[in-house]
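here are the coordinates; sequence isn't available:
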């Protein structure tokens, strides 16, 4: 792995061989390393790091009296944070609650999927390959088209509602669309592959002899799962839950298409409308910043509690 | 009895999960054949008209063209920048290695709304005009991380001895790179590029913040969703699905053949 530590070999080619003593080679190679990463990192600095500071600056702007719409003056108006938190804490909490339920549901659905393909079907390469393609298949169709398809499936005239009504699982005038249920269902669906793939990648490397050893020691299937398989697959579970929870808490496509805009509004919708409809850039920026910090805190606490160092 | 239940539980539950995953795709596909008229919400009868005339709905192909251009530009930039970073990070030591890894990891751990909003704040502050350029920049930014992660895995699995062997055989570092390292990395780079294109093509949230008046394909569908999405959008979505499926299956077959060929030697 460590090229620099490897004994320097005279690099061939005319001219290069003479210069390539041990030390020269190392230094030259070091410089190549910087040349390789620098362009990309400058790009990331300009368009990821700097914008985050731009967002922070914008969140502290103030609207001078008599200014036009969209005109703000640089300031240190920390009151913006209090204002947006005061107005939008329900949306913020709801976003995290929806994301949490969707993550739990995706784990319940995704784990058996990953287990089926990675452990139960081990050795059956073709079937494994086909099912793996099916897991990533949703990525091949537009995310918004699929969410729209859910809207049609769950609609009053769709195939699900009449069946549920006939079975009395839903009151005669009960609906599925425009409910929190539909939004969480959409979130679960849309981020399911992000949950399944890391767990699959982890379970694929699981030594099945450990499961056999469990049953040799008279452990029931469930006990073996709880004490052997699940702990070993925790890195995959953690990666999957993070990859589901983070995008789900910031998502607003599901809430906009499947929700009803009154008691399903998520924080992403608020940020979007603060920017574009209300033209309140500082408020929108403050909300974005709060969302980012909240996620950072939650994720750090979660990784500290359950995590391994493998992740970051 | 309990054992049998246990044995069947995983396949049954897993199978249901696959159905859950695939039903909406089937829906998108089925409704691309709907004789829909203006709103494609309920089934009105089978037609091939939408497939024969995919640009029939106003503005849908313009949005598709924009998405393809943006995807191509962002993919090329992100793949070049990201591959260089991946090679650099794995093969060389830096004093700020942890910071560098963090910088790649953070965009992946930030919700899209925040990425979109911060770029928008930046563009507003410097007075940049929103359009194709800003979308391409935004897409390149979030695609770089995916490329780095994908290519890094490939670089890390590569035996540095191969390059040393090339050097022993008097190849210059550049020759060794282009003749030995690059061909070995190519499958990883291609996979990363395909992933980047797919991410760019399907992105809505970051795009929505930084697109100004430009319509991309996902944005077109999102805006149309309030009035009814034309069946042509389903045709394009289904066609992209089939193309992606063909690429993935083709790639699988190719790598299968390659490993067989190598084994035969």
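Noted; the coordinates are in hand. Model, not experiment: these values are computed from the prediction. Residues are numbered from 1 along each chain as shown, chains lettered A, B, ... in the order given.

Run through who's touching the strand or helix carrying residue A:55.
Following DSSP states H and E, one finds residue A:55 within helix A:50-59. Contacts to helix A:50-59, defined as C-beta atoms under 8 Å, 6 or more residues apart in numbering or on different chains, come from residues A:72, A:74, A:80-81, A:281-282, A:285-286, A:288-289, A:292, B:114, B:117-119, B:121-122, B:124-125. To be clear about C-beta, it is placed using only N, CA and C from the backbone, and glycine gets the same treatment.

tell me the centre residue of chain A?
Nearest residue to the geometric centre of chain A (C-alpha atoms, centre = their mean): residue A:243, 3.1 Å.

Quick one: residues contacting that residue.
Counted by C-beta under 8 Å, 6+ apart, residue A:243 has contacts A:191, A:194-195, A:198.

Restrict the contacts of helix A:50-59 to the buried ones and give me that as a ChimeraX selection.
With 16 or more other C-beta atoms under 10 Å in any protein chain shown as the criterion, this ChimeraX line picks the buried residues out of the contacts of helix A:50-59:
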select /A:72,80,81,281,282,285,286,288,289,292 /B:114,117,118,119,121,122,124,125
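
Out of the contacts of helix A:50-59, name the ones that lie in strands.
Among the contacts of helix A:50-59, no residue falls in strands (DSSP state E).

And the pLDDT at residue 29?
Since no chain was named, I'll use chain A. We have a pLDDT of 56 for residue A:29.

Actually, chain B is the one I wanted.
pLDDT, read off for residue B:29, is 92.

ditto for residue A:186
94.

dump the residue contacts of the closest residue to residue A:182 other than its chain neighbours.
Leaving aside its sequence neighbours, residue A:182 sits nearest to residue A:258 (C-beta to C-beta, 6 or more residues apart in numbering or on different chains; 4.1 Å). By C-beta under 8 Å, 6+ apart, residue A:258 lies in contact with A:147, A:150-151, A:154, A:177-178, A:182-183, A:185-186, A:264.

Likewise for residue A:148?
Going by C-beta under 8 Å, 6+ apart, the list of residues near residue A:148 reads A:257, B:221, B:225, B:229.

Next SSE downstream of the helix or strand harbouring it?
Here residue A:148 sits within helix A:143-154, counting by DSSP H and E. Proceeding N to C from helix A:143-154, the next assigned helix or strand is helix A:160-166, under DSSP H and E.

So which elements touch that next one?
Judged by 3 or more C-beta pairs under 8 Å, 6 or more residues apart in numbering or on different chains; DSSP states H and E, the packing partners of helix A:160-166 are helix A:143-154.

near chain B at all, stretch A:94-112?
Yes. Counting by C-beta under 8 Å from any C-beta of the partner chain, contacts between stretch A:94-112 and chain B involve A:109-110, A:112.

got those as JSON lines, with secondary structure columns?
Below are the residues of stretch A:94-112 next to chain B laid out as JSON lines (DSSP: H, G, I helix; E, B strand; the rest coil):
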{"residue": "A:109", "secondary structure": "helix"}
{"residue": "A:110", "secondary structure": "helix"}
{"residue": "A:112", "secondary structure": "helix"}
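
before we move on, the earlier item: avg pLDDT for the helix holding residue A:55?
95.

Report the buried residues of that helix.
A:50-52, A:54-59.

sorry, back to before: any idea of the pLDDT on the residue nearest to the centre of chain A?
So, for residue A:243, pLDDT stands at 92.

Pretty sure it sits in a helix.
Yes. Judged by three-state DSSP, residue A:243 forms part of a helix.

So which bits of the stretch 201-312 of chain A are right by chain B?
Looking at chain B, the residues of the stretch 201-312 of chain A close enough under C-beta under 8 Å from any C-beta are A:220-222, A:242, A:246-247, A:249-253, A:256-257, A:267-268, A:271-272, A:275, A:281, A:284-285, A:288-289, A:291-292, A:295-296, A:299, A:312.

Quick check: which ranges of the chain have low pLDDT?
By default, I'm working from chain A. A:1-30, A:307-312 (pLDDT under 70).

try chain B instead
B:1-6, B:38, B:265.

now the residue sitting nearest the centre point of it: how far from residue A:219?
Closest residue to the average C-alpha location of chain B: residue B:198 at 2.3 Å, with C-alpha atoms, centre = their mean. Residue B:198 is 42 Å from residue A:219, where distance means C-beta to C-beta, to the nearest Å.

Kindly report the same for residue A:274.
54 Å.

again with residue A:170
Computed as C-beta to C-beta, the residue A:170 to residue A:219 distance reads 41 Å.

Over to residue A:187?
The value you get for residue A:187 to residue A:219, if C-beta to C-beta is used, is 36 Å.

wait, residue B:14 sits on residue A:112?
Yes. Contact criterion C-beta atoms under 8 Å: residue B:14 and residue A:112 qualify, at 4.6 Å.

Let's see if you can find the most crowded of the contacts of residue A:243.
The most crowded member of the contacts of residue A:243, judged by other C-beta atoms under 10 Å in any protein chain shown, is residue A:195 (30 neighbours).

Which helix or which strand is home to that one?
Assigned by DSSP H and E, residue A:195 falls in helix A:180-204.

buried set for that helix?
Of the residues in helix A:180-204, those buried under the neighbour-count criterion (16+ other C-beta under 10 Å) are A:180, A:182-203.

Can you redo the contacts of residue A:243 as CSV, where the extra columns are distance to residue B:100?
Listed next are the contacts of residue A:243 as CSV, based on distance: C-beta to C-beta, whole Å:
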residue, distance to residue B:100
A:191, 28
A:194, 24
A:195, 28
A:198, 23
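
And the residue in the stretch 151-300 of chain A positioned nearest to chain B, how close does it get to residue B:146?
At 2.5 Å from chain B, residue A:250 is the closest residue in the stretch 151-300 of chain A, using C-beta to the nearest C-beta. Remark: distance between residue A:250 and residue B:146 (C-beta to C-beta) = 17 Å.

And the two? Which one has more around it.
Set side by side, residue A:250 and residue B:146 show more neighbours around residue A:250, with 26 against 21, by other C-beta under 10 Å.

That one: what's it in contact with?
A:95, A:267-268, A:291, A:295, B:111-114, B:205.

can we see that at 7 Å?
By C-beta atoms under 7 Å, 6 or more residues apart in numbering or on different chains, the contact set of residue A:250 is A:268, A:291, B:111-114.

so which of the residues you listed is the most crowded?
residue B:113 (31 neighbours).

shouldn't that residue be in contact with residue A:288?
Yes. If you go by C-beta atoms under 7 Å, residue B:113 and residue A:288 touch, sitting 6.4 Å apart.

shared neighbours of these two, which are they?
In contact with both residue B:113 and residue A:288: residue A:271, using C-beta under 7 Å, 6+ apart.

For residue B:110, which three-state class applies?
coil.

and if you look at residue B:196?
helix.

isn't it right up against residue B:148?
No. At 10.6 Å, residue B:196 does not count as touching residue B:148 under the criterion of C-beta under 7 Å.

is any part of whichever strand or helix holds residue B:24 close to chain A?
Residue B:24 belongs to helix B:2-31 when assigned by DSSP H and E. Yes. If you take C-beta under 7 Å from any C-beta of the partner chain as the test, helix B:2-31 does meet chain A, through B:6, B:10-11, B:13-14, B:17-18, B:20-25, B:27-28.

just checking, what packs against that helix?
helix A:79-115, helix A:125-136, helix A:143-154, helix B:231-264 (3 or more C-beta pairs under 7 Å, 6 or more residues apart in numbering or on different chains; DSSP states H and E).

of the residues of the stretch 201-312 of chain A next to chain B, buried ones?
A:221, A:242, A:246-247, A:249-253, A:256-257, A:267-268, A:271-272, A:275, A:281, A:284-285, A:288-289, A:291-292, A:295, A:299.

Could you report the distance from the closest residue to residue B:110 other than its chain neighbours to residue A:241?
Nearest non-adjacent residue to residue B:110, counting by C-beta to C-beta, 6+ apart: residue A:292, 6.2 Å away. Distance, residue A:292 to residue A:241, by C-beta to C-beta: 19 Å.

ditto for residue B:21
18 Å.
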